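> just a sequence and a predicted model for now, questions to come.
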Amino acid sequence: MNILLTSATLFEIEPTVNWLRARAETETGNVLNFGTVSVEVLFTGLGLTATAYALGARFGAGNLPALAIQAGIGGAIDQRLELGQVVRVISERFGDLGAEDQDGKHLSLGEIGLHPGHPFNQQEELESPTGLASLPFTEVAAISVNRVNGSAESIARMKVRFPKAQVESMEGAAFFYACLQNGTEPLQLRAISNYVAPRDRDSWQMKKAITALNEQLQDLLKAFIGG
């Protein structure tokens, strides 16, 4: 089985990469081998464009992975989620793709008569297949944006526009889109580092989120490569 493990930055999953390398039977470039299972590590860079390019290049090269795991941090729109909690994203939307109306209202592609089509559903969401539904993570809906929301006004508009959204990131929708277009199972894990609130970096808990993300990511990978 081939697994693609991807993250925007090394910083987010470096403990897991080191953990995998210490256990691998062989290592060839960015591919770590564990008997019949291989784990390929890919860092896409930050944001939707970088993620789309990196995954497009990788999937276009052939030998598609059966499972792709995107692991990283994210901001919680839903404040019932706890800082440091690791969640599984099961639906994604591009939060700022579309047009602006005369009154400043955001219009999606569908609302301007340009529904994006497959693999989006009729609500213009990207949905994860149900094959991994038994995993022990809280399941959330997410939006992905090119510019994270950091003012009370933009956050209020976003919550009205996307009332189901619980988590915000800068890469998730591009990951879902690339995987679904290529028939690869997508599994997106996000550790909550901050709440989506007026920007205050001092309140973020990056270390706590990174620690939790890597602990639970390693527990997940043990099911594939063994303890």
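Good, I have the coordinates. Residues are numbered from 1 along each chain as shown.

> in the top helix by length along the chain, which residues are buried?
Counting residues, the longest helix found in the chain (DSSP state H) is helix 206-225. The neighbour-count check on helix 206-225 (16 or more other C-beta atoms under 10 Å) flags 206, 208-210, 212-214, 216-218, 220-221, 225 as buried. To be clear about C-beta, it is placed using only N, CA and C from the backbone, and glycine gets the same treatment.

> looking at these, which is nearest Asn18?
Checking the buried residues of helix 206-225 against Asn18 with C-beta to C-beta, the nearest one is Asn214 at 9.4 Å.

> so the closest one touches Val17, yeah?
No. Counting by C-beta atoms under 8 Å, Asn214 does not reach Val17; the two are 9.3 Å apart.

> what's the longest helix of the chain packed up against?
strand 2-7, helix 10-23, strand 37-43, strand 67-76, strand 86-94, strand 185-195 (3 or more C-beta pairs under 8 Å, 6 or more residues apart in numbering; DSSP states H and E).

> switch those over to a markdown table; also include mean pLDDT and distance to Glu100.
Formatted as a markdown table, the helices and strands packed on helix 206-225 follow (pLDDT from 0 to 100; distance: least, C-beta to C-beta, whole Å):
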| stretch | mean pLDDT | distance to Glu100 |
| --- | --- | --- |
| strand 2-7 | 98 | 32 |
| helix 10-23 | 97 | 32 |
| strand 37-43 | 98 | 33 |
| strand 67-76 | 97 | 23 |
| strand 86-94 | 96 | 15 |
| strand 185-195 | 96 | 26 |
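
> I'd like these as CSV, with distance to Phe176 appended.
Rendered in CSV, the data for the helices and strands packed on helix 206-225 read as follows (distance: least, C-beta to C-beta, whole Å):
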stretch, distance to Phe176
strand 2-7, 12
helix 10-23, 18
strand 37-43, 16
strand 67-76, 9
strand 86-94, 5
strand 185-195, 5
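
> returning to what we had before: and of the buried residues of helix 206-225, the nearest to Leu81?
Closest to Leu81 out of the buried residues of helix 206-225 is Ala209 (11.3 Å), distances taken as C-beta to C-beta.

> relative to Gln218, how far out is the closest one?
15 Å (C-beta to C-beta, to the nearest Å).

> excluding chain neighbours, give the residue nearest to Glu185 in space.
Nearest non-adjacent residue to Glu185, counting by C-beta to C-beta, 6 or more residues apart in numbering: Leu67, 4.7 Å away.

> ok, the one you found touching Leu4?
Yes. Leu67 lies in contact with Leu4 (C-beta under 8 Å); the separation is 7.2 Å.
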